[in-house]
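In: 3D, please:
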Amino acid sequence: MARAVAILRVLLRLRALRPVAILVVRGTAALAAVTRRAASLEPEVAAAAGLAAAGGGARATMALDPPLPEPAAELDALPSEATPAERRFLYAFFAHLWSGSGDVIEVGPFIGGTTRAIATGMLANPRRTPQARLYTYDRFGGYYEPDELAQYLAPLFEAGVLQGAHREAVERAGSFGEVFDAIHRDTPYAELVERRDKPLPDTAEEAARDDGLFELDPGAEPAAIFVDGCKSWYGTKYFMRATLDAARPGAQVIFQDYGWYTCFWIPAFVHAIGDAFAPTAWVDTTYAFHVQTPVAAADVDAVYPDAPDELGVDWFDDAFRQMREDAVRRGDVRAETVLAVQNAAALAYLGETGEARARIERMRGRARFRPLRPMIDAALRSPTYRPGGEQIRL
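Out: Numbers count the residues shown, from 1 in each chain. Sure, this is the predicted structure:
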């Protein structure tokens, strides 16, 4: 717990792409999630994987405690926005639910807290083929001012994980690619990880203008896709059309921000893609789906435009109503709450800030939503943001 508190204190001092209020809410949730021992799991998925899943009805559970890597604390050693439960879920997912063949694609690892959880799980999977790799993509710089990044990484310098040469690189350019390499270089899973400095564009204009953007490695075969770097509507489209075009039915797609209130574009994408996705499991804000039918880039283009304005308010109201009904059926009260806030966030993005505020205020007065009151209060200040991080105020 002391380590988690220290990490949270560092996070609260930083100006990341997300507002500080968002870090407060997520950080607080991370501390509470330390005691979470199970992820919700679709019963048929548990049965197919041969897991001893408990529960019944709309969902089963998957234990997040043993077996864990030794020492288990390594999963929590790196600063990360992923909660302790989410990191344990990623380990369990790739140790038990991943087929072991094909490659894993990760976008937005930062310094690799989720990379470690995924790769350690891959290493523990007895079905893993020798060719399987974890390709992880990010811009590896530009998130923080150099002095802020150095402050964020201070615990790793103090622990001796990072050395003086890494500090010089951070302070000189604000780059953390060398930091990422140093953290993961001498680990048991190092040979699985392929780091790529290829960011996502936030707008169609950036995609047309900038070089060196995300593209899959030639020959990569996405069998599982972990999404934490899609921080905009267009960035989500750009990444998903490329990865799904190369994926095949049976591939797993894990969205860390599906249940994060500002990122309405993630559940909107899942809804737009329709029956091509089916839910697999979820814990905290992370939701996993498996691909049921092929999804080509043209299929994404047909249902998910370059900007949300092209869909309009009615589309979002209908989409989020359906998703909330699904959450109620599976007994997912947290998703029911967050999806309602995300619906309001989408309206605010489209310019309907008065209606968005009224909806969130009504939620604040309902006893059913009281456990997530801190999130609702943060959304009342700013429910989402535009490309580049500009907050939308209500």
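In: Pull up the gap between the residue in the chain sticking out farthest from the centre and residue 362, please.
Out: Counting by CA atoms, centre = their mean, the extreme residue of the chain relative to its mean C-alpha position is residue 164, 31.0 Å from that point. Residue 164 sits at a distance of 54 Å from residue 362 (criterion: CB to CB, to the nearest Å). Using the backbone N, CA and C atoms, a C-beta is placed for each residue, glycine as well.
In: Residue 301 too?
Out: The spacing between residue 301 and residue 362, counted by CB to CB, is 36 Å.
In: Same check on residue 125?
Out: Summarising the geometry, the distance separating residue 125 from residue 362, computed by CB to CB, is 46 Å.
In: and the strand or helix carrying residue 120, what other elements does it pack with?
Out: Secondary-structure element containing residue 120, defined by DSSP states H and E: helix 113-124. Taking 3 or more CB pairs under 8 Å, 6 or more residues apart in numbering; DSSP states H and E as contact, the helices and strands that helix 113-124 lies on are helix 84-92, strand 103-107, strand 134-138, helix 177-184.
In: Give me the contact list for that helix.
Out: Among residues not part of helix 113-124, those counted as contacts by CB atoms under 8 Å, 6 or more residues apart in numbering are 67, 69, 74-75, 77-82, 86-88, 90-95, 98, 104, 106, 109, 128, 132, 134, 136, 180, 184, 187-189, 192-193, 226, 228, 256.
In: how does it look with 7 Å?
Out: Defining contact as CB atoms under 7 Å, 6 or more residues apart in numbering, one finds that helix 113-124 is touched by 69, 74-75, 78-80, 82, 87, 90-95, 98, 104, 106, 109, 128, 132, 134, 136, 184, 188-189, 192-193, 226, 228.
In: Count the neighbours of the closest residue in space to residue 385 that isn't next to it in sequence for me.
Out: Among residues not flanking residue 385 along the chain, residue 391 sits closest, at 5.0 Å (CB to CB, 6 or more residues apart in numbering). By the criterion of other CB atoms under 10 Å, residue 391 has 16 neighbours.
In: And the pLDDT at residue 391?
Out: Model confidence at residue 391, expressed as pLDDT, equals 96.
In: Next, give phi and psi for it.
Out: As for residue 391, its main-chain torsions (degrees, to the nearest 10) stand at phi -70, psi 140.
In: Surely it touches residue 382?
Out: Yes. Taking contact to mean CB atoms under 7 Å, the distance of 4.1 Å between residue 391 and residue 382 places them in contact.
In: so what's residue 342 up against?
Out: Applying CB under 7 Å, 6+ apart, we find residue 342 in contact with 261, 264, 267, 320.
In: and after whichever strand or helix holds the third one, which helix or strand comes next?
Out: Here residue 267, judged by DSSP H and E, is contained in helix 265-273. Scanning the chain past helix 265-273 towards its C-terminal end, the next helix or strand to appear is strand 277-283 (assignment: DSSP H and E).
In: residue ranges with poor pLDDT in this structure?
Out: Low-confidence segments of the chain (pLDDT under 70): 1-38, 43-73, 169, 172-174.
In: show me where it has strands.
Out: Using DSSP state E, the strands found in the chain span residues 38-41, 60-63, 103-107, 134-138, 193-197, 222-227, 252-255, 277-283, 286-291, 384-385, 391-392.
In: Please produce a markdown table containing the ones you listed, extended by distance to residue 160.
Out: Compiled in a markdown table, the strands of the chain are given as follows (distance: least, CB to CB, whole Å):
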| stretch | distance to residue 160 |
| --- | --- |
| strand 38-41 | 33 |
| strand 60-63 | 33 |
| strand 103-107 | 26 |
| strand 134-138 | 24 |
| strand 193-197 | 21 |
| strand 222-227 | 29 |
| strand 252-255 | 32 |
| strand 277-283 | 32 |
| strand 286-291 | 31 |
| strand 384-385 | 36 |
| strand 391-392 | 38 |
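In: how about those strands, which one is nearest residue 209?
Out: If you check each of the strands of the chain against residue 209 by CB to CB, strand 193-197 wins as the nearest, at 18.0 Å.
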